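> Got a sequence here, can you build the structure:
(2 chains)
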Amino acid sequence: EIQLTQSPSPLSASVGDRVTIACRASQSISVFLNWYQQKPGRAPKLLIYDASSLQSDVSSRFSGSGSGTDFTLTISSLQPEDFATYYCQQSYRAPVTFGPGTEVDFK
Amino acid sequence: EVQLLESGGALVQPGGSLRLSCAASGFTFSNYVMNWVRQAPGKGLEWVSTIRRSPNNIFYPDSVRGRFTISRDNLKNTLYLQMNSLRAEDTAVYYCAKNRVDDTSQFDSWGQGTLVTVSS
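Predicted coordinates for the structure are as follows:
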């Protein structure tokens, strides 16, 4: 099973900050890495797939990069609605696994 | 608009059974791979099961294999999860989720979730 770790957790930030969340895989997963946003009491929302492709209807302030074992999710200018928990997920090999999540909260 | 609506969550005793349903609308259900993902209270996300367009292609993690059965009715546009021999650690919100495309395991639409509580 491929393990995913995320850092930092939690992440304290302010509106307007540039925010970067890291995700590391226990083995190479090429670019088969996806990012989700989840707000309390809500279902997750797909933001980025295949490491860097922006899902439709997702703000362009979200971007992803990386390949192999190291990946990042960047929010270029944090907005109030972006305070949430972010999960990475690998879809390279079954079983699909998720990272533990990074909560982005108010500094 | 894609809509996924789960139902069937309840309080059940350890060792009991439950069947979850997910009613799909707004897309051609039969064309998409479907999944169940769960989230224990205050915890992260865990993939539970996948069913491809052909109902014979089914996948589970070790944690539920042999106890859970995923199925689909393409005429009713409904996804199911039959859960047997339930354990306390199966307590979670269960989400159905649709693949973005093909067998990518990129979950682009989710239901609102249904809560399963396993407790005596």
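> Chain A against chain B: which residues are in contact?
Within chain A, the positions adjacent to chain B are A:34, A:36, A:38, A:42-46, A:49-50, A:55, A:87, A:89, A:91, A:94-101 by Cβ under 8 Å from any Cβ of the partner chain. C-beta here means a position set from N, CA and C on the backbone, and glycine is covered the same way.
> For ChimeraX, write the select line for the buried members of those.
To isolate the buried subset of those in ChimeraX, counting by 16 or more other Cβ atoms under 10 Å in any protein chain shown, use the following:
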select /A:34,36,38,43,44,45,46,49,50,55,87,89,91,95,96,97,98,99,100,101
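> Residue B:108 falls within a strand, correct?
Yes. Assessed with DSSP: H, G, I helix; E, B strand; the rest coil, residue B:108 lies in a strand.
> contacting residues for it?
Taking Cβ atoms under 8 Å, 6 or more residues apart in numbering or on different chains, we find residue B:108 in contact with A:46, A:49, A:55, B:98-100.
> Recalculate using a threshold of 6 Å.
A:46, B:100 (Cβ atoms under 6 Å, 6 or more residues apart in numbering or on different chains).
> Same question for the one 5 residues further on.
With contacts defined as Cβ under 6 Å, 6+ apart, the neighbours of residue B:113 are B:93, B:95.
> any idea how far it lies from residue B:3?
Distance, residue B:113 to residue B:3, using Cβ to Cβ, to the nearest Å: 14 Å.
> what's the answer for residue A:51, then?
Going from residue A:51 to residue B:3 by Cβ to Cβ gives 29 Å.
> Run through chain B and note the low-pLDDT ranges.
B:55 (pLDDT under 70).
> For it, which residues are neighbours of chain A?
B:44-45, B:47, B:59, B:61, B:95, B:105-106, B:108, B:110 (Cβ under 6 Å from any Cβ of the partner chain).
> And stretch A:54-73, how far out from the chain middle?
Distance of stretch A:54-73 from the chain centroid (Cα atoms, centre = their mean, to the nearest Å) equals 7 Å.
> List the buried residues for it?
By 16+ other Cβ under 10 Å, the buried positions in stretch A:54-73 come out as A:55, A:62-64, A:66, A:71-73.
> likewise stretch B:96-114?
Those buried within stretch B:96-114 under the rule 16+ other Cβ under 10 Å are B:96-100, B:105-111, B:113-114.
> quick one: secondary structure of the residue nearest to the spatial centre of chain A?
Chain A has residue A:35 as the residue nearest its centroid, 3.9 Å off, counting by Cα atoms, centre = their mean. Assigned state for residue A:35: strand (three-state reduction, three-state DSSP).
> What is the three-state secondary structure of residue A:81?
Following three-state DSSP, we place residue A:81 in the helix state.
> What separation do you get for it and residue A:75?
Distance, residue A:81 to residue A:75, by Cβ to Cβ: 11 Å.
> Neighbour count for these two, which is higher?
More crowded of residue A:81 and residue A:75, by other Cβ atoms under 10 Å in any protein chain shown: residue A:75, with 21 against 9.
> May I have the beta-bridge partners of the more buried one?
residue A:19, residue A:62 (DSSP bridges).
> My guess is it contacts residue A:19. True?
Yes. In this structure, residue A:75 is within contact of residue A:19 by Cβ atoms under 6 Å, at 4.4 Å.
> Name the residues contacting each of the two.
Taking Cβ under 6 Å, 6+ apart as the contact rule, residue A:75 and residue A:19 touch no residue in common.
> Residues in contact with the helix or strand where residue A:71 lies: which ones?
Per DSSP states H and E, residue A:71 falls inside strand A:70-75. For strand A:70-75, contacts defined as Cβ under 6 Å, 6+ apart pick out A:19-24, A:33, A:35, A:51, A:61-66, A:82.
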